[in-house]
Every structure is written in structure tokens, then in C-alpha cells.
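K.L.:
One predicted model, sequence on top.
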Amino acid sequence: MIFAANFKTNHTRASTKAYIETLLTKIITKRAEDKVYIFPPATALDQFSGDFILGAQNAYMAQNGAFTGEIGLEQLEEFEIKTILIGHSERREILRETQAFIAEKFAYFQSHGFEIIYCIGEPLEIRQQGQHSVMEYLLSQFEGIDISYEKLIVAYEPIWAIGTGRSATSAEIASTHEALKKTLQKPLLYGGSVKPENSKEIISIRGVDGLLVGSASLDVESFAGMITD
Ligand code: PEP
């Protein structure tokens, strides 16, 4: 299983360091095959040692240059970061990243050998139209994306379940993952209001290879519990 924590715009450099130190002591008993990823804010990127992978929530597709407010490859290389989240719905919706822009970013980080956690997810009005519309929408989010890339992990995150406290039902997760797996031979994570109370049930669903956790990952006890439970 894969357990990934997306801190979004939460935690500082100091609190991320303390979080990681605590997390590593708590997950000492984790199953050897399980993988843990932490995506802190850019200001908390650093070099850590331990049985987990530190990734970037975002970066610009350039080595360096005139891209005010962005970080590029050079800033990631400083900390040997080789994992990145791309396509998160908050970047698609709030930061207005288009599919074409996302595909360009994907291609750039792919060309630099990054492991990519690529996020897809439908809005509520599409979910309400039924599974056929959901799949059409989700598959359109692979436009321009090389889904055969060997370092690709996909995260299915229904937008209506992100940060709302309302996770998709087990049946919704199972049917969507099963349908996605017909196109996608890659690890497939679920994200959207995963918390200690539902994480065990979600990881037991066939076709779920791990979790991408936002709000409930901010508390180290809560995230560690999901890993070691
Ligand atoms: C996310 O944004 O990746 C996410 C899954 O958030 P939350 O767990 O808060 O719904």
C-alpha cells in the first residue's frame, strides 16, 4: 500500500521537521512493502533520511529562470527531490491549470525521471450524471498524459469528496477504480476525506493501492495510525 500525505498550504518548515521526526518513530512497525510519501509546502522541502519519500506539491517546468513565485528543477535538486504531485484539483480549479498546461508539466517532469502522482477527479454535477459521465470526464484528464510512464502513480480524488468530510462510498470507489484499471495498469490511490475512521475500509477495496490524504494527514497521530492500523 501507498500512504501519501498532502499538507497543501499547512505546516511550517519547523512543524514539518517535527512531524517527520515523530512520524518515523511511529511507523517503525509499518509493513516493509508499504510506502509513505509526504508532500509538505515548498518552504519545508529539505533533505531527510528515513523510510519515506519527500515530494513536491508543485513545481514549474524549468530548471530555473524568470518565473516569479515558482520553484523549478534546481530548487528540487538541491534536496534530491524526485517525486511530484501533478493535476491536483485545487491546482486545476483554484490556480486555473488547464489540461494542456498540466500535460506539459507532466512531460517535463517525466523527461527528468520524476515519480509522478497524477491526480484526477470529477465534480459533483458529473458524478450525479452517473458512472458513464464520470468515466468520460476522468479519461479526458489523461489527455496528453503518457499513461505508460513507468514512474506513474494515479490518484482518483472526486472533487466533491476533497476536504468536505464526505468520502465517496465504498461502492463508488470500487466501481470507479475497477473501471479505471481497465485503462490504467498503474498503482491507483484514492483520495477525498480519508480519515482514521474510514481508511481501513477504503484500503480493503479491490483496486485501491493506497491513499492520498489531505486534512487528516496534518495530524501526525492520525496519519501514522492509518499506516500502522
Ligand atoms: C487532497 O486534497 O488530496 C485530499 C485528499 O484532501 P482531503 O483528505 O482533505 O479530502
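P.N.:
Yep, that arrived.
K.L.:
contacts and neighbour counts: CA atoms only from here.
P.N.:
Fine.
K.L.:
In this model Y37 seems to touch L54, though I could be wrong.
P.N.:
Yes: here L54 reaches Y37: they are 5.8 Å apart, a contact under CA atoms under 8 Å.
K.L.:
When the two are compared, which one has more neighbours?
P.N.:
More neighbours surround L54 than the other of L54 and Y37, with 26 against 17 (other CA atoms under 10 Å).
K.L.:
so where do the strands sit in the chain?
P.N.:
2-6, 35-39, 53-54, 83-86, 115-120, 152-156, 188-191, 210-213 (DSSP state E).
K.L.:
Need these in TSV (columns: mean pLDDT and distance to the ligand).
P.N.:
Conversion of the strands of the chain to TSV gives the following (pLDDT from 0 to 100; distance: least, CA to the nearest ligand atom, whole Å):
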stretch	mean pLDDT	distance to the ligand
strand 2-6	98	6
strand 35-39	98	10
strand 53-54	98	15
strand 83-86	98	10
strand 115-120	98	8
strand 152-156	98	8
strand 188-191	98	4
strand 210-213	98	4
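K.L.:
Dump these to JSON lines, plus distance to A174.
P.N.:
Converted to JSON lines, these look like this (distance: least, CA to CA, whole Å):
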{"stretch": "strand 2-6", "distance to A174": "17"}
{"stretch": "strand 35-39", "distance to A174": "22"}
{"stretch": "strand 53-54", "distance to A174": "27"}
{"stretch": "strand 83-86", "distance to A174": "23"}
{"stretch": "strand 115-120", "distance to A174": "16"}
{"stretch": "strand 152-156", "distance to A174": "11"}
{"stretch": "strand 188-191", "distance to A174": "10"}
{"stretch": "strand 210-213", "distance to A174": "13"}
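K.L.:
pLDDT value on the residue in the chain sticking out farthest from the centre, please?
P.N.:
Distance to the chain centre peaks in the chain at A66, reaching 27.4 Å (criterion: CA atoms, centre = their mean). Per-residue pLDDT puts A66 at 98.
K.L.:
what do you get for N58?
P.N.:
So N58 comes in at 98 (pLDDT).
K.L.:
That one touches I84, doesn't it?
P.N.:
Yes: the criterion here is CA under 8 Å, and N58 meets it with I84 at 6.4 Å.
K.L.:
coming back round to it: the residue farthest from the centre of the chain and A100: what is the separation?
P.N.:
To A100, A66 is 21 Å away according to CA to CA, to the nearest Å.
K.L.:
Next: I116.
P.N.:
For I116, the distance to A100 - CA to CA - is 17 Å.
K.L.:
OK, contacts around V36?
P.N.:
Listed by CA atoms under 8 Å, 6 or more residues apart in numbering, the contact set of V36 reads I2, F3, A4, D51, F52, I53.
K.L.:
I'd like those written out as JSON lines, with neighbour count added.
P.N.:
Output for these, formatted as JSON lines (neighbours: other CA atoms under 10 Å):
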{"residue": "I2", "neighbour count": "19"}
{"residue": "F3", "neighbour count": "23"}
{"residue": "A4", "neighbour count": "27"}
{"residue": "D51", "neighbour count": "15"}
{"residue": "F52", "neighbour count": "18"}
{"residue": "I53", "neighbour count": "16"}
